[in-house]
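Model the following, please.
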Amino acid sequence: MTERYLITAAEIAALSGTAKTHFLNANARRNNKSLGDLAGLTGLGVHLIEVQPGHESTEYHVHHHEDECTYVLSGTGLVTLGDEENVIRAGDFIGYRAGGLAHTMRATGDAPLVCLVIGERLEHDVGDYPRLKKRIYRQVGLPWNLVDHDAIEEPSGGKK
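Just a heads-up that it's a prediction; the model follows:
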């Protein structure tokens, strides 16, 4: 198989993408074209996503170790950053710092919200779903672990 570096606009347009529903939020549905995978990227996830009006891009979450960002290509939406909602539209950029504010996007208006979403792919990450009071632990090669916040214990004498 030949290594891919260039994915043309025609190829991207011809891709049907993958319908994804977040495992913790049935309203978080999007069509996902994994451009980074096509180009063989391993350290970054690069996805062209389309979210239909009224739907969210993902469950409200924050990563503790991975940065991610979104560039809005078309459509309108609301991005929730912490406790604030902000209108987003074509040309807007959102940077989600590791350990920063929890976030999600919701498509508004009559047309789909189309975005380029980029995120790190570290071997280990921890994420929180604050509204659901759950934490996810991800380690390459191991099953993901999802736990309730109430079940997380901190050992005495542990470092902060």
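
from here on, contacts and neighbour counts on C-alpha atoms
OK.

From the chain's centroid, how far away is stretch 71-79?
Its chain's average C-alpha position is 14 Å from that of stretch 71-79, according to Cα atoms, centre = their mean, to the nearest Å.

helices or strands up against the host helix or strand of residue 73?
Element membership of residue 73 [criterion: DSSP states H and E] is strand 68-74. Contact analysis of strand 68-74 by 3 or more Cα pairs under 8 Å, 6 or more residues apart in numbering; DSSP states H and E lists strand 84-89, strand 93-96, strand 113-120 as its packing neighbours.

ok, and what's touching the second one?
Going back to what we said before, that points to strand 93-96. Where contact means Cα atoms under 8 Å, 6 or more residues apart in numbering, the residues beyond strand 93-96 that reach it are 67, 68, 69, 70, 71, 72, 103.

go on, the last one?
When contacts are taken as Cα under 8 Å, 6+ apart, the neighbours of strand 113-120 outside the stretch itself are 43-53, 66-77, 107.

All the strands of this protein, in order from the start?
18-22, 25-34, 44-51, 62-63, 68-74, 76-81, 84-89, 93-96, 103-108, 113-120, 124-129, 134-139, 145-148 (DSSP state E).
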